[in-house]
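Undergrad: here is the input, now give the coordinates:
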Amino acid sequence: MAMPAEEATPPGAESSIVRLLWDDAPRVKRGPKPKLTIEQIVVMGIALADEDGLDAVTMQRVADRLGATKMALYRYVPGKAELVALMLDHALGSPDPIGDIPWRAALNRWALGIHERSRLRPWSVELVQRPHPPGPRELAWLELGLSAMSGLPLAGGEKLDVLALLVGHVVGIVRQATQSAAPESELAAALAPILAARMDAFPHTAAAFAESGAESRDDALSFGIERILDGIAFVIAERSRSAGAS
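TA: Purely as a prediction, here's the structure:
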């Protein structure tokens with residue numbers, strides 16, 4: 001589910017990230033009997049990110065919280081790039097089963113599930129948007145999304161594009177909500193008197209904000225998901241018509 005680059009993985013870190021993500025029992029270097037586990041280190045990194053954001057996660061701070069030295073952590077995790085990769089896979093968790101339901105309902109549930117996991121840990125959005133090797137849990141999400149489209153007349157690359165569109169929309173909503181200094185309702189209230197005094201200059205903007213409090217207003221998350229799925233449904237219908245005509 002990787003999105004466009006924001007901060008690339010340091011050169012040479014990919015192999016160690018893959019090993020840590022996919023090795024059920026990663027070996028530590030020779031020396032004294034291990035006093036920590038990778039699980040403990042990852043959980044502490046997540047706790048720091050939950051408290052103060054991703055920038056607060058450093059090997060030193062994690063070590064301090066665990067009552068260990070930074071050098072001791074390197075016996076388990078080579079560096080921060082590897083640590084945050086493990087944190088992302090852990091934070092996403094395994095997806096909940098979708099069940100045998102139509103493709104559109106399945107993809108809607110899939111996208112909402114990613115939104116819920118990302119909303120609980122908004123720092124994970126930054127990691128999702130960096131190019132990175134997926135871990136087993138992240139790949140399980142990909143597998144689930146692709147399985148929902150198994151019977152559709154779409155090529156493999158197109159199915160991946162559908163999931164990328166959904167993830168891009170979902171994480172964009174989470175990022176916007178996280179970075180907003182005030183709730184949307186407060187922003188609308190602050191802007192209302194300004195727009196009221198300048199109706200002639202911004203008539204469409206004023207009208208949109210005036211209607212934004214209506215109960216019928218579409219939620220941006222659901223609205224975007226539905227429009228993406230509308231587009232996919234159109235492509236499927238067009239291909240079905242073409243196949244029937246040939």
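Undergrad: give me the neighbour count for residue 69.
TA: Residues lying near residue 69 (other C-beta atoms under 10 Å) number 12. Just so you know, the C-beta spots here come from the backbone N, C-alpha and C atoms, and that holds for glycine as well.
Undergrad: next: residue 225.
TA: Neighbours around residue 225, by other C-beta under 10 Å: 23.
Undergrad: do I have it right that it meets residue 108?
TA: Yes. Judged on C-beta atoms under 8 Å, residue 225 makes contact with residue 108 at a distance of 5.8 Å.
Undergrad: can you list the domain ranges for this protein.
TA: According to automatic domain parsing, the chain comprises the domains 13-92, 103-245.
Undergrad: now the ones you listed as TSV including mean pLDDT?
TA: Output for those, formatted as TSV (pLDDT from 0 to 100):
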stretch	mean pLDDT
domain 13-92	88
domain 103-245	86
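Undergrad: how far off centre is the strand or helix carrying residue 243?
TA: In the assignment (DSSP states H and E), residue 243 maps to helix 220-245. Computed by C-alpha atoms, centre = their mean, to the nearest Å, the separation of helix 220-245 from the middle of its chain amounts to 23 Å.
Undergrad: can you name every helix or strand that it contacts?
TA: helix 103-120, helix 156-179 (3 or more C-beta pairs under 8 Å, 6 or more residues apart in numbering; DSSP states H and E).
Undergrad: can you point out the buried residues in it?
TA: Neighbour-count burial for helix 220-245 flags 221, 224, 225, 228, 229, 232, 236 (criterion: 16 or more other C-beta atoms under 10 Å).
Undergrad: now that helix against helix 156-179, angle please.
TA: 170 degrees (axes from the mean of the first three to the mean of the last three C-alpha atoms, to 10 degrees).
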